[in-house]
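S.K.: Structure for this input, please:
(one chain, ligands or ions: 1)
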Amino acid sequence: MSNLHTLSVQEIITGLANKDFSSLELTDHLLSRIDSFDKEINSFITVTADLARKQAKLADDLRAKGDSRPLLGVPMAHKDIFCTQGVLTTCGSKMLYNFVSPYNATIVENIQKAGMVSLGKLNMDEFAMGSDNEKSYYGAVHNPWDLGRVPGGSSGGSAAAVAAGFVPVATGSDTGGSIRQPASFCGITGIKPTYGRVSRYGMIAYASSLDQAGTFGKSALDCAYLLQPMSGYDPKDATSIKTDTPDYITAIHDAQNKLSQEKPLAGLRIGVAKAYFGAGLDSEVEKSIRTALAKYEELGAEIVKVDITDPAVTLATYYLLAPAEASSNLSRYDGVRFGYRCENPKDLHDLYTRSRSEGFGAEVQRRIIMGTYALSAGYFDAYYTKAQKVRRLIVDDFKKAFEKCDIIASPTAPTVAYKLGESLDPASIYLLDVYTIGVNLAGLPALSHPVGQANGLPVGLQLIGKHWAESELLKTAHIYQANTEFHQEMADLVK
Ligand code: GLN
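M.R.: Prediction:
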């Protein structure tokens, strides 16, 4: 079969069960596509071809012996922010150019236990700071829809690899939009779960009170398949929450049964906030979003008006708190224990200073400086404490909005993917996060799914849920996708 790279996870599961192809055949096919096309896209930092073939072969053997784990032999790849035992883990930075992790992140372990085959590690903005993947030490990632454009970030490699058909699904992390925004720019689906749903153990920290791991796929159903083994309590992560893990696939199948009804979304209230449609929103993007909302209405949802915090306030809060946490988290990279070390240090101070100056890129240094400033003795109350208080108000505003609705919908990003090398100044790039970061400050789950194109490039709609409402989001997006074809559109190079 020559179209193996276009299959969904569901189709792969069926194909493997029916022996239409083996996991090894599928893995070889994907590896050869990566070999031919990733030179142009640069979505992988490390391809673990031998390891992948070994895992695929093992999966085929186990299947032949009757092992019926649903994801056995299904290929995927990890954002290079997840520690993988014995495999290079760079976090997109020169600082970790030689770091081979001695242990697996919990999610890496769980995905492996589910029998999935990992093809390697995906490119990303350095330490997950960025919105375009141009901040990777390993080079920019090119958007499969238009190689002259960015794929979004920071999980740009993950989004591009799925959109290019290199893997059906991939992991990502989202501190302020790093799953949803690249999903939007690359025309695929991505979900960031509730803070605490997925273990952060072994996920390299950026801003610990905001970071959460999630998934990319061509559809909500594919995202659900990968999210299932990742979800659940982990005693190794103090912020992981002991709560029941829903069966996302069953939830989606239940929704499937409603599809024959004329109004499958009857009873669902979708909140729309004026603040999410303000200045800065591209008019073509807005058109696609409004059309999608009309489709949701046609499917039975009721659109209600809600108020949320002014996104400008949310943006300021995030860009104080995230750099503050980053400055603290990144203090561990000192050139002593692991990672990059400068040549011939004069003394300890020189070792620290030069290792950090030479090992970190400009954006990471900017964030460390901003964060250290916000945390410094004279400014702590004026900046950090104040931002924490505003964060509480943002959480309360979401709570109030959710009294009137079940899900809040908004554009995922104000624009489509912009041109590589456009050299936007840092503040204009921060503005791209305007619709996504509130979700992280409030710890809520949210997903982005494609709803059409503006000027020939994909547009994503963001659905924000109440805490722990991942199933609700996945079901809702699934019903939309079962009634539309935007998620099936593919970049030319995949066809
Ligand atoms: N673009 C945002 C930032 O640079 C979000 C990044 C992320 O979610 N990791 O901080």
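
S.K.: measure residue 97 to residue 302 for me?
M.R.: Using Cβ to Cβ, to the nearest Å, residue 97 is found at 53 Å from residue 302. For glycine as for every other residue, the C-beta is placed from the backbone atoms N, C-alpha and C.

S.K.: Over to residue 482?
M.R.: As judged by Cβ to Cβ, residue 482 and residue 302 stand 20 Å apart.

S.K.: Please state the mean pLDDT value computed over stretch 369-381.
M.R.: For stretch 369-381, the mean pLDDT works out to 93.

S.K.: next one: it to chain centre, how far?
M.R.: Averaging C-alpha positions (Cα atoms, centre = their mean, to the nearest Å) puts stretch 369-381 29 Å from its chain's average.

S.K.: Pull out the buried positions in it.
M.R.: For stretch 369-381, a neighbour-count test (16 or more other Cβ atoms under 10 Å) marks 370-375 as buried.

S.K.: Tell me if stretch 157-164 is near the ligand.
M.R.: No: in terms of Cβ under 6 Å from any ligand atom, no part of stretch 157-164 sits within range of the ligand; the closest distance is 11.5 Å.

S.K.: Give me the neighbour count for residue 426.
M.R.: 14 (other Cβ atoms under 10 Å).

S.K.: how many neighbours does residue 40 have?
M.R.: Residue 40: 12 neighbours (other Cβ under 10 Å).

S.K.: Nearest residue to the middle of the protein?
M.R.: With distances taken as Cα atoms, centre = their mean, the residue of the chain nearest its centroid is residue 179 (2.2 Å).

S.K.: How about the residues of the chain by the ligand?
M.R.: Proximity of the chain to the ligand, by Cβ under 6 Å from any ligand atom, involves residues 128-131, 154, 174-178, 206, 322, 433.

S.K.: ok, 5 Å please
M.R.: 128-131, 154, 174-178, 433 (Cβ under 5 Å from any ligand atom).

S.K.: Output those as CSV; include the columns neighbour count.
M.R.: Shown next, in CSV, are the residues of the chain next to the ligand (neighbours: other Cβ atoms under 10 Å):
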residue, neighbour count
128, 31
129, 28
130, 27
131, 27
154, 34
174, 28
175, 27
176, 29
177, 32
178, 36
433, 25
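
S.K.: With respect to residue 74, which of the residues you listed is nearest?
M.R.: When those are compared for distance to residue 74 (Cβ to Cβ), residue 174 wins out at 22.4 Å.

S.K.: roughly how far apart are the closest one and residue 286?
M.R.: From residue 174 to residue 286 the distance is 23 Å (Cβ to Cβ).

S.K.: and the host helix or strand of residue 287, what does it pack onto?
M.R.: Using DSSP states H and E, residue 287 sits within helix 283-298. Applying 3 or more Cβ pairs under 8 Å, 6 or more residues apart in numbering; DSSP states H and E, one finds that helix 283-298 contacts strand 269-273, strand 302-306, strand 407-411, strand 446-454, strand 457-465, helix 470-482.

S.K.: ok, residue 445 to the ligand distance?
M.R.: 14 Å (Cβ to the nearest ligand atom, to the nearest Å).

S.K.: these two touch, right, that residue and residue 192?
M.R.: Yes: at 6.5 Å, residue 445 counts as touching residue 192 under the criterion of Cβ atoms under 8 Å.

S.K.: Now the common contact residues for those two.
M.R.: With contacts defined as Cβ atoms under 8 Å, 6 or more residues apart in numbering, the residues adjacent to both residue 445 and residue 192 are residue 439.

S.K.: Make CSV out of the residues of the chain next to the ligand and add secondary structure and pLDDT.
M.R.: Listed next are these as CSV, based on DSSP: H, G, I helix; E, B strand; the rest coil; pLDDT from 0 to 100:
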residue, secondary structure, pLDDT
128, helix, 98
129, coil, 98
130, coil, 97
131, coil, 96
154, coil, 98
174, strand, 98
175, coil, 98
176, coil, 98
177, coil, 98
178, coil, 98
433, coil, 93
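
S.K.: Okay, buried residues for the helix holding residue 287 please.
M.R.: 284-285, 288-289, 292-293, 295-296.

S.K.: Pull the distance from it to the chain's centre.
M.R.: That offset, for helix 283-298, works out to 23 Å (Cα atoms, centre = their mean).

S.K.: Confirm residue 118 sits in a helix?
M.R.: No: using DSSP: H, G, I helix; E, B strand; the rest coil, the assignment for residue 118 is strand, not a helix.

S.K.: Show me what residue 170 bridges to in the sheet.
M.R.: Beta-bridge pairing for residue 170 (DSSP bridges): residue 77, residue 216.

S.K.: So for it, what's the pLDDT?
M.R.: Looking at residue 170, its pLDDT stands at 99.

S.K.: which residues in the stretch 101-250 of the chain form helices?
M.R.: 106-113, 156-163, 180-185, 220-230, 248-257 (DSSP state H, counting those that start in this stretch).

S.K.: Using a markdown table, lay out these together with mean pLDDT and mean neighbour count.
M.R.: Output for these, formatted as a markdown table (pLDDT from 0 to 100; neighbours: other Cβ atoms under 10 Å):
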| stretch | mean pLDDT | mean neighbour count |
| --- | --- | --- |
| helix 106-113 | 98 | 21 |
| helix 156-163 | 98 | 34 |
| helix 180-185 | 98 | 35 |
| helix 220-230 | 98 | 26 |
| helix 248-257 | 91 | 16 |
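
S.K.: could I get the ones you listed as a markdown table with distance to residue 89?
M.R.: A markdown table is the format used below for these (distance: least, Cβ to Cβ, whole Å):
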| stretch | distance to residue 89 |
| --- | --- |
| helix 106-113 | 10 |
| helix 156-163 | 13 |
| helix 180-185 | 20 |
| helix 220-230 | 17 |
| helix 248-257 | 27 |
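
S.K.: among the ones you listed, which is nearest residue 44?
M.R.: Closest of these to residue 44 is helix 156-163, at 6.7 Å (criterion: Cβ to Cβ).

S.K.: what's the angle from the closest one to strand 446-454?
M.R.: 60 degrees (axes from the mean of the first three to the mean of the last three Cα atoms, to 10 degrees).

S.K.: Which elements pack onto helix 156-163?
M.R.: Packed next to helix 156-163, using 3+ Cβ pairs under 8 Å, 6+ apart, are strand 44-47, strand 75-79, strand 117-122, strand 169-174, helix 180-185, strand 212-217.

S.K.: highest average neighbour count across the ones you listed?
M.R.: Stretch with highest mean neighbour count among those: helix 180-185 (a mean of 35; mean count of other Cβ atoms under 10 Å).

S.K.: what helices or strands is it leaning on?
M.R.: Under the contact definition 3+ Cβ pairs under 8 Å, 6+ apart, helix 180-185 sits against helix 156-163, strand 189-192, strand 446-454, strand 457-465.

S.K.: now the spatially closest residue to residue 211 that is not a sequence neighbour: how far from residue 243?
M.R.: Closest residue to residue 211 apart from its sequence neighbours, by Cβ to Cβ, 6 or more residues apart in numbering: residue 175 at 4.9 Å. The gap separating residue 175 from residue 243 is 22 Å, by Cβ to Cβ.

S.K.: can you check residue 29 too?
M.R.: Per Cβ to Cβ, residue 29 is found 39 Å from residue 243.

S.K.: ok, these two, which is more surrounded?
M.R.: Under the criterion of other Cβ under 10 Å, the comparison of residue 29 against residue 243 puts residue 29 first, with 18 against 14.

S.K.: My read is that that one contacts residue 3, right?
M.R.: No: counting by Cβ under 8 Å, residue 29 does not reach residue 3; the two are 9.3 Å apart.

S.K.: Need the phi and psi values for the residue located most distally from the centre of the chain.
M.R.: Distance from the C-alpha centroid of the chain, by Cα atoms, centre = their mean, peaks at residue 346 (41.4 Å). Dihedral pair for residue 346: phi -70, psi -40, per degrees, to the nearest 10.
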